[in-house]
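In: Okay, here's the prediction I keep looking at, along with the sequence it came from:
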Amino acid sequence: QGEQIGVSIMPSNISHQPVRLYTKATHVSFQRSNRNQSPHTSILQIEGVKCKEDTQFYLGKRVVFVYRAKNASKGKVRSIWGRVTRSHGNSGCVRAKFSNNLPPKSLGANVRVMLYPSRV
């Protein structure tokens, strides 16, 4: 008797939170040998990735380092874009190249790995 046809019943207590289109990663190191460091390639540890096989999904994905600038002439929040190039070792780290080399203050800082472009 009290049913309405064609009306979807949705709970009214659903909170609409923003959707995150990236996964978090940490800038662990620059590519290096025993004595020399190559700042043109960065090593990132992606959150939740623990083995080499898991890194295959992230190859080719865009990466961005977002930071706050002291001088607001070009904007207070700035970013450096890059791309995941290949895996690094067996522990789930990846190598990434950025348009400009990352600054030393980014070591240990968070980096965003975007979920695009999709290769699926």
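Out: Received it, and whenever you're ready, just let me know what you need.

In: which strands and helices sit next to whatever helix or strand residue 112 lives in?
Out: In this assignment (DSSP states H and E), residue 112 forms part of strand 110-114. Under the contact criterion of 3 or more CB pairs under 8 Å, 6 or more residues apart in numbering; DSSP states H and E, strand 110-114 touches strand 22-32, strand 37-46, strand 62-68. From N, CA and C alone the C-beta is placed, and that goes for glycine too.

In: For those, please prepare CSV with the additional fields mean neighbour count.
Out: Listed next are the helices and strands packed on strand 110-114 as CSV, based on neighbours: other CB atoms under 10 Å:
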stretch, mean neighbour count
strand 22-32, 17
strand 37-46, 17
strand 62-68, 16
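
In: closest one to residue 53 among these?
Out: Nearest of those to residue 53, taken as CB to CB: strand 37-46 at 13.0 Å.

In: now could you export just the CA positions of that closest one as PDB?
Out: Taking C-alpha atoms only, strand 37-46 is exported to PDB below (Å, rounded to 0.1, in the frame of the first residue of the first chain):
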ATOM      1  CA  GLN A  37      73.900  11.100  -6.400                       C
ATOM      2  CA  SER A  38      71.800  11.600  -9.500                       C
ATOM      3  CA  PRO A  39      69.000  14.100  -8.700                       C
ATOM      4  CA  HIS A  40      67.300  13.800 -12.100                       C
ATOM      5  CA  THR A  41      65.700  10.500 -10.900                       C
ATOM      6  CA  SER A  42      63.800  10.200  -7.700                       C
ATOM      7  CA  ILE A  43      62.900   7.100  -5.800                       C
ATOM      8  CA  LEU A  44      59.400   7.000  -4.300                       C
ATOM      9  CA  GLN A  45      57.700   4.600  -1.900                       C
ATOM     10  CA  ILE A  46      54.000   4.400  -2.800                       C
END
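
In: how many other residues sit next to residue 78?
Out: Neighbours of residue 78 under the rule other CB atoms under 10 Å: 12.
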